[in-house]
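J.: Sequence and predicted structure below; questions after.
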Amino acid sequence: MFRPKTRYVALPSPRAGVGEEIDRLICPKCDTSLEPARLTAALGVCYRCGYHFRLRAPERIAMLVEPGSFHEEDQAITATDVLGFTDSQPYAKRIEQSRATTGANEAVTWGEAMLAGHRLVLVALDFAFMGGSMGAATGEKITNAIERAMQGRLPLLIISASGGARMQEGMLSLMQLAKTSAALGRLAAAGVPYISLLTDPTMGGVTASFASLGDVIVAEPGAMIGFAGARVIQQATYETLPDGFQTAEFLLAHGMIDLVVPRAELPAVLRQLLDLYAPNGAGPELQLQRPIQTAAPAPAATR
Amino acid sequence: MSDNGTVAAATWEQVELARHPDRPYALDYVHAIFNNFLELHGDRVFGDDHAIIGGPASLDSKTIMVIAQQKGRTTSERAMRNFGMANPEGYRKALRLVRQAERFKFPIVAFVDTSGAFPGAGAEERGIAWAIAENLVALSAARIPILTLVIGEGGSGGALGIGVGDRLLMMEHSIYSVAMPEACASILWRDIARKVEAAEALKLTAADLKRLGLADEIIPEPPGGAHNDYGLAADAAAAALRRHLKNLESIDTDRLVEERYQRYRRIGATA
């Protein structure tokens, strides 16, 4: 039997490949066939078993912020193929394809927005864009967002969904771990709160940098979160991995994250966090023990 | 095609040299370059990781904090060192030493030599990613000079976890990569046999990193590689470390930390 031609519906795709054509969704957890309209109404959460489907960055943002309050920045920044990398196809072509299928120029979208009456800097990674992988442009946008939060003393929310560093950019990609982490170190020293929301999946270099550096770390139920993938671990160690290994609940039990919050409750929990950590914006300028020197006329200031 | 094949083969030769079983490991350099190295143990949380070692040592009667990834040479030592793949405890011990170095104003010299952090269930349970990320923050803001020297393999976040600093030096036949070629081939081609192509595509040799502006200096090795003459390799490394330390120590601390921030800030900047 061949599969009938299906039509594309702009809905969160299940864990299957990005851009897969679907007209009826099967919950990968409970096998229920789901109606797109009902699934959308349920915020992309299976209304039978609570399985959280992956969301695209624009859906994420729309779900959380006050309507019309999101002002996207750095929209034009796009990946470049510095190394001339080719695997089964050229990286330049992969970028082009991802841009075409997602309508975005990079795997991350950021801007200022209002959430529950708080102005904040919101960053959302998109797994549909090359697995949410972090290349140089991704890291640049995230760092710009962190620096904006610091300059504006605005609380920062980063929603992660990523396979990790982007292989096709080699060491330029790895160095983004250091770049984003260094910027978050400065944000923390300045006393501006950072909430990290981990969604399915958050792995590799993204977990080993900005995703795990939140003052508060929240995860969606069932999200896979870790450094090395389960397959890699099994190949390297022949270990039998425990049930629920690397799920949000597993990490909560091991003390790695603060909260596991179902998608429908995220707005309320984020409101509570913002009310507590940023009662008046991010608070007055703190008297720093060591004044942080900003580079003379750095391009960052005009960006 | 044959040109690409030749280039790929040359790159693979570098990978094999970087992993040569007789290549000097961190302790070989440490004992040759420093006096009085005192290895400290434990992360004060859970255990002692033998894949990352460290402690104070003397260089020209000044104290330096050494942090290093150590591989084993014999079968039992390889097992004890976990093949140079650190668990969270290794990174947390390194963090402890970074804090101590800051307190006593000891410059840090970090020797990088790992195929990556350990991919194990225990490492995940104890937050390997969290440990690495904390180190990235601590190293990027530490108010002391930090020199990083890649002596063999620099593998991914596991290498970077002790590898953020003011200068990146690489031994001539060392490599540094976002992922080891085997892992990259497995991810992108779903075929580990494509590792030679992956190695070439990743641009991971010392010369590649120098061209990309990521490595500051390539330290020449004796003919054929460092394994042919440990003494010559260590002398070359010592000379470079002395020169860079002298330079870094002349820089005002605020400026040093700001320049380190900008060093990483610039990588991939679009503005």
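T.: Structure received.
J.: The residue nearest to B:Ala117 when sequence neighbours are not counted sits in which helix or strand?
T.: Nearest residue to B:Ala117 in three dimensions, chain neighbours excluded: B:Gly158, at 3.3 Å (Cβ to Cβ, 6 or more residues apart in numbering or on different chains). C-betas here are computed from N, CA, C, even on glycine. Using DSSP states H and E, B:Gly158 sits in helix B:156-160.
J.: Could you tell me which residues within that helix count as buried?
T.: By 16 or more other Cβ atoms under 10 Å in any protein chain shown, the buried positions in helix B:156-160 come out as B:156-160.
J.: about what we covered before: so the residue nearest to B:Ala117 sits against B:Ile132, correct?
T.: Yes - between B:Gly158 and B:Ile132 there is a contact at 7.3 Å, judged by Cβ atoms under 8 Å.
J.: so what sits against both of those two?
T.: Counting by Cβ atoms under 8 Å, 6 or more residues apart in numbering or on different chains, the residues touching both B:Gly158 and B:Ile132 are B:Ala117.
J.: Which residue ranges of the stretch 51-200 of chain A form strands?
T.: A:71-73, A:108-115, A:118-125, A:156-162, A:194-202 (DSSP state E, counting those that start in this stretch).
J.: closest one to A:Ser133 among the ones you listed?
T.: strand A:156-162 (6.1 Å; Cβ to Cβ).
J.: Find out how far the closest one is from the centre of the chain, if you would.
T.: Relative to the centre of its chain, strand A:156-162 is centred 3 Å away, using Cα atoms, centre = their mean, to the nearest Å.
J.: check contacts around whichever residue of the stretch 51-200 of chain A sits closest to chain B.
T.: Nearest residue of the stretch 51-200 of chain A to chain B: A:Ala136, at 2.6 Å (Cβ to the nearest Cβ). A:Ala136 sits next to A:79-80, A:82, A:169, A:172-173, A:175-176, B:267-268 when contact means Cβ under 8 Å, 6+ apart.
J.: same question, B:His50
T.: By Cβ under 8 Å, 6+ apart, the contact list for B:His50 reads B:70, B:80-82.
J.: B:Leu212 now?
T.: Contacts of B:Leu212 by Cβ under 8 Å, 6+ apart are A:82, A:170-172, B:203.
J.: what's the closest of those residues to A:Ala41?
T.: A:Ala41 has its nearest neighbour among the contacts of B:Leu212 in A:Leu172, at 41.9 Å by Cβ to Cβ.
J.: distance between whichever strand or helix holds B:Ala185 and the chain's centre?
T.: Assigned by DSSP H and E, B:Ala185 belongs to helix B:181-188. Chain-centre distance of helix B:181-188: 21 Å, with Cα atoms, centre = their mean.
J.: B:Leu214 should be in a helix, yeah?
T.: No - applying DSSP: H, G, I helix; E, B strand; the rest coil, one finds B:Leu214 to be coil, outside a helix.
J.: measure the residue lying closest to B:Ala86 once chain neighbours are set aside to B:Pro145 for me?
T.: Distances taken as Cβ to Cβ, 6+ apart put B:Ala51 closest to B:Ala86, at 4.1 Å, once the chain neighbours are dropped. According to Cβ to Cβ, to the nearest Å, B:Ala51 and B:Pro145 sit 25 Å apart.
J.: go on, A:Phe227?
T.: 29 Å.
J.: More neighbours: the two, which one.
T.: A:Phe227 (33 against 26; other Cβ atoms under 10 Å in any protein chain shown).
J.: So the more buried one is in contact with A:Ser209, correct?
T.: No - the criterion here is Cβ under 8 Å, and A:Phe227 misses it with A:Ser209 at 10.7 Å.
J.: Show me where the stretch 51-200 of chain A has its helices.
T.: A:57-64, A:91-102, A:136-152, A:170-189 (DSSP state H, counting those that start in this stretch).
J.: how about a markdown table for the ones you listed, with distance to B:Arg96 and mean pLDDT added?
T.: A markdown table is the format used below for the helices of the stretch 51-200 of chain A (distance: least, Cβ to Cβ, whole Å; pLDDT from 0 to 100):
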| stretch | distance to B:Arg96 | mean pLDDT |
| --- | --- | --- |
| helix A:57-64 | 38 | 96 |
| helix A:91-102 | 40 | 96 |
| helix A:136-152 | 26 | 98 |
| helix A:170-189 | 17 | 98 |
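J.: Now distance to A:Ile233 too, for those helices, in TSV please.
T.: Formatted as TSV, the helices of the stretch 51-200 of chain A follow (distance: least, Cβ to Cβ, whole Å):
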stretch	distance to A:Ile233
helix A:57-64	29
helix A:91-102	27
helix A:136-152	25
helix A:170-189	20
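J.: nearest to A:Leu198, of these?
T.: helix A:57-64 (12.5 Å).
J.: Going by neighbour count, which residues in that closest one are buried?
T.: With burial defined by 16+ other Cβ under 10 Å, the residues of helix A:57-64 counted as buried are A:57-61, A:64.
J.: Equivalent analysis for stretch B:46-60, please.
T.: Buried residues in stretch B:46-60, defined by neighbour count with 16+ other Cβ under 10 Å: B:47, B:49-57, B:59.
J.: Take those residues and keep only those in strands.
T.: B:52-57, B:59 (DSSP state E).
J.: I'd like those written out as a markdown table, with pLDDT added.
T.: Converted to a markdown table, these look like this (pLDDT from 0 to 100):
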| residue | pLDDT |
| --- | --- |
| B:Ile52 | 98 |
| B:Ile53 | 98 |
| B:Gly54 | 98 |
| B:Gly55 | 98 |
| B:Pro56 | 98 |
| B:Ala57 | 98 |
| B:Leu59 | 98 |
